[in-house]
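> coordinates only, sequence not included:
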């Protein structure tokens, strides 16, 4: 199916029942029920407008949906706005006021940024080098019910091909087959290049919530980023140290 403007396409397998909760100009929200399961999940695919004024309708729509949705919910896609200055490279400095509506909406809906693996930016204007701009315009957010249902959530920024955006690969599972996974901090990480940069980048994210939630989100974000960095740059060190 497609949204009302034909710019968002959604596909699913026949092992689940899907109904459209809202078909909006800037998003499609689906209610998904596995044929052999009892729990519903909700998925919103976003393709936001380019200006703050046009995006206000998107934020209002998502906040209205939050009053209706009870259960696991993820929101992902192209938001056409960044949350933090470090999500932009090149061009004019980012003004935090441009992110205010986006931040308020995600906070109101109880959403947390899943984070990412791979390149730091998802979009490039492809202009000549001295005019080139990179930004992380594409993201996936989840609420607490989603994080409870699916213990493992990851987003990978894939390679750009013919588009100026990188595709996002969002994976989630409940971890029941593998048992619980616990974050393990390895002392030798502190001696590796880029360790402090990785920690500083995630910890410095601006999270507008109560102090306990801020601490939880930052710890979770740093743990995910360090685990991914260790796997990709160093190797599967857990197997070596658990022998």
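Arrived safely, thanks for sending. This is a predicted model, so every value here is computed, not measured. Residues are numbered from 1 along each chain as shown.

> Does residue 23 touch residue 6 like I think?
No: taking contacts as Cβ atoms under 8 Å, residue 23 lies outside contact range of residue 6: 11.0 Å. Heads up, the C-betas are built off the backbone N, CA and C, glycines and all.

> Look at these two and report which has more neighbours.
residue 23 (15 against 7; other Cβ atoms under 10 Å).

> and the more buried one, backbone torsions?
Backbone geometry at residue 23, expressed as degrees, to the nearest 10, gives phi -110, psi 100.

> can you check residue 80 too?
phi 60, psi 30.

> For it, which non-adjacent residue is closest in space?
Residue nearest to residue 80 in three dimensions, not counting chain neighbours: residue 48, with 4.3 Å by Cβ to Cβ, 6 or more residues apart in numbering.

> Same check on residue 109?
Spatial nearest neighbour of residue 109, chain neighbours left out: residue 66 (4.3 Å); criterion: Cβ to Cβ, 6+ apart.

> Pull the contacting residues for the one you found.
108-110 (Cβ atoms under 8 Å, 6 or more residues apart in numbering).

> Make a markdown table from these and add distance to residue 19, pLDDT and secondary structure to it.
Converted to a markdown table, the contacts of residue 66 look like this (distance: Cβ to Cβ, whole Å; pLDDT from 0 to 100; DSSP: H, G, I helix; E, B strand; the rest coil):
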| residue | distance to residue 19 | pLDDT | secondary structure |
| --- | --- | --- | --- |
| 108 | 24 | 93 | helix |
| 109 | 20 | 94 | coil |
| 110 | 22 | 92 | coil |
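
> Buried members of those into ChimeraX, please.
To isolate the buried subset of the contacts of residue 66 in ChimeraX, counting by 16 or more other Cβ atoms under 10 Å, use the following:
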select :109,110
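
> Dump the contacts of residue 66 into JSON lines; add distance to residue 77 as well.
Formatted as JSON lines, the contacts of residue 66 follow (distance: Cβ to Cβ, whole Å):
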{"residue": "108", "distance to residue 77": "18"}
{"residue": "109", "distance to residue 77": "14"}
{"residue": "110", "distance to residue 77": "18"}
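
> contacting residues around the longest helix anywhere in the chain?
In the chain, with assignment by DSSP state H, the single longest helix is helix 211-229. Contact with helix 211-229 is made by 112-113, 115, 117, 154, 183, 185, 189, 194, 198-199, 201-203, 205, 207, 209, as judged by Cβ under 8 Å, 6+ apart.
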